[in-house]
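> Based on what follows, work out the 3D shape:
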Amino acid sequence: LTQKTKEALLIEGCDPSKISVISHFIDTKRFYSRQDRRMRSFHAVNILFVGRMEEYKGVFDILEAAHVLLNDPDLVHYRLQFVFVGDGSKKNEMQKKERALGLESRVVHRLVSYEDMPRVYQSADIFVAPSKPIATWEEQYNTALLEAQASGLAIVTTRSGGIPENVGEAAILVEPGDVNAIAAAIKRFIPDDKLRSAYAKKARRRAETVHDIQIGAGKLARLYEQILHEA
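Now for the predicted structure:
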């Protein structure tokens, strides 16, 4: 999926002539950018996470960042809501932490069918994906980041695994596990319509020019043609 994965295979001794890098892709017609990405209301700033409720996805870092932001006097006029879409082994533990931090009224958990996911992204203002490496895993690519880019969202994510190759310059990247940096990056987007709009446009443009499914289909077709020709 990524150059980073290719480098790992080369270290293990794989033949470089037998490796092609073809990333995941996204249907940019199914996931599309909302016409007006200005903040719709100071009373409903929706910050979205989509993925598994697991420690390595950074979900507890989002809760810690939420606590920081909700106690920030600069943001007192904004009603922040944190929306988690997905399930996982840490969901109950997350809900306990939400109660301990007093976040119950500002955090929403949802399970949504894939057919309804485009609407979920359309309802969001900021997307956050703070994955972090563990001993046995690093984020390979993160399909939700493709969906967020295609949906024209301002994105905060981490320099982990294949994520930098995925988002390029279309997101604010911070170090994995740095709660204060995650909070600061989200905060940059909240009051600044121009910054949020600029990143939203970069995200959508990257989805269209790098991640579109037609581009992926072409790469796969050329690879199969090459293999058949050499056979």
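> Doesn't Arg52 lie inside a strand?
No: going by DSSP: H, G, I helix; E, B strand; the rest coil, the assignment for Arg52 is coil, not a strand.
> Surely it is in contact with Asp87?
Yes: contact criterion CB atoms under 8 Å: Arg52 and Asp87 qualify, at 7.3 Å. (Each C-beta comes from the backbone N, C-alpha and C, glycine too.)
> how about Glu115, secondary structure?
Classified using three-state DSSP, Glu115 is helix.
> what's around it, how many residues?
Number of residues near Glu115 (other CB atoms under 10 Å) recorded here: 8.
> quick one: the residue most central in space within the chain and Ser197, what's the gap?
Centroid-nearest residue in the chain: Leu145, 3.5 Å away (criterion: CA atoms, centre = their mean). Leu145 sits 19 Å away from Ser197, going by CB to CB, to the nearest Å.
> For this structure, just list every one of the helices.
Using DSSP state H, the helices of the chain run over residues 3-11, 59-70, 91-101, 117-122, 143-150, 163-167, 179-189, 193-206, 213-230.
> who's in contact with Ile26?
For Ile26, the contact set (CB atoms under 8 Å, 6 or more residues apart in numbering) comprises 143, 146-147, 149-150, 207, 211-213.
> of all the residues you listed, which comes closest to Val120?
Checking those against Val120 by CB to CB gives Glu147 as the nearest, at 9.0 Å.
> Grab the nearest non-local neighbour of the closest one.
Phe31 (5.0 Å; CB to CB, 6 or more residues apart in numbering).
> Contacts only, for that neighbour.
Contacts of Phe31 (CB under 8 Å, 6+ apart): 117-118, 121, 146-147, 150-151, 207.
> So which of those wins on neighbours?
In those, the most neighbours by other CB under 10 Å go to Ser151, 30 neighbours.
> Can you report how many residues lie near Gln140?
By other CB under 10 Å, the residues close to Gln140 number 17.
> Is it in contact with Leu1, as I believe?
Yes: counting by CB under 8 Å, Gln140 touches Leu1, with 5.5 Å between them.
> any shared contact partners between those two?
Common neighbours of Gln140 and Leu1, using CB under 8 Å, 6+ apart, are Gly162.
> thinking again about what came up before, out of the contacts of Ile26, who's nearest Asp27?
Out of the contacts of Ile26, the member with the shortest distance to Asp27 (by CB to CB) is Ile213, at 4.9 Å.
> so how far is Phe31 from that closest one?
Distance, Ile213 to Phe31, by CB to CB: 10 Å.
> ok, now Gly13?
38 Å.
> do Phe84 as well
Applying CB to CB to Phe84 and Phe31 gives a distance of 19 Å.
> One more: Leu146?
Look at Leu146 and Phe31: by CB to CB, they are 8 Å apart.
> circling back to that earlier point, make TSV out of the helices of the chain and add distance to Asn46 and mean pLDDT.
Formatted as TSV, those follow (distance: least, CB to CB, whole Å; pLDDT from 0 to 100):
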stretch	distance to Asn46	mean pLDDT
helix 3-11	31	94
helix 59-70	12	98
helix 91-101	16	98
helix 117-122	10	97
helix 143-150	13	98
helix 163-167	20	98
helix 179-189	12	98
helix 193-206	12	96
helix 213-230	26	95
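> Need the winner for burial among those.
Ranked by mean neighbour count, the helices of the chain are led by helix 143-150 with a mean of 26 (mean count of other CB atoms under 10 Å).
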